[in-house]
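> coords below, sequence missing:
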């Protein structure tokens, strides 16, 4: 039987996250909705996938993120038409990682591995230079921290534990920037030190 549960705690993040546990591929699958309303996920401004671990250097806290404009698939993208012919869309790929700063101890840093090559979405120029704004990356990071901590405790995860999380920037009726929505998450039982980035 499906159930919902509050995840949001005293981490200083506004709002609440609820999740619905469902059966999927032999393991629990978790769907998140911010607040009580179900957002409309048609014509998303951004779609993305995050791993709640620094897969390049697991000894440093961090998150591995792929984000793409609109609803273009990250895992199995179809070629898109451009002025120079068909090209395979590439997402923004980056780490949000906590590194030693020169004078202030540890500080969060966004390290881009590659940038999206998409210039138009829904027949309009893309709205932002990077797929996610700096504020959205910060909000995503806060969400990922809460989700990782909650489920690591729930599943009694070890140092290799990580969550596979899907997120969106939602559509708006007036074309303004939408809001971050965590769509679903599930444990990554396959995370290993030899994991190859770029294959999410």
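Okay, I see it. Please read all numbers here as calculations on a predicted model, not as lab measurements.

> all contacts plus neighbour counts: C-alpha atoms, from now on.
Noted.

> which stretches of the chain have low pLDDT?
Along the chain, the model assigns pLDDT under 70 to residues 1-42, 102-104, 189-200.

> need the helices for it, in chain order.
For the chain, the helices defined by DSSP state H cover 134-154.

> Tell me where it has strands.
Here the chain has its strands, by DSSP state E, at 4-6, 17-24, 27-34, 46-51, 62-69, 80-82, 85-87, 92-101, 105-114, 120-121, 124-125, 163-169, 180-187.

> For the last one, name the packing helices and strands.
If I follow you right, that is strand 180-187. strand 27-34, helix 134-154, strand 163-169 (3 or more Cα pairs under 8 Å, 6 or more residues apart in numbering; DSSP states H and E).

> run the last query once more with 6 Å
Identification of packing neighbours for strand 180-187 by 3 or more Cα pairs under 6 Å, 6 or more residues apart in numbering; DSSP states H and E yields strand 27-34, strand 163-169.

> Sheet partners, orientation included, of the last one?
In the sheet containing strand 163-169, the strands it pairs with under DSSP bridges are strand 46-51 (antiparallel), strand 180-187 (antiparallel).

> Residues touching it, excluding its own?
45-52, 178-188 (Cα atoms under 6 Å, 6 or more residues apart in numbering).

> buried sites along stretch 167-184?
For stretch 167-184, a neighbour-count test (16 or more other Cα atoms under 10 Å) marks 167-171, 178-184 as buried.

> I'd like those residues as TSV, with distance to residue 97 appended.
Putting those into TSV (distance: Cα to Cα, whole Å) gives the following:
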residue	distance to residue 97
167	18
168	21
169	21
170	25
171	28
178	25
179	23
180	20
181	21
182	20
183	22
184	22
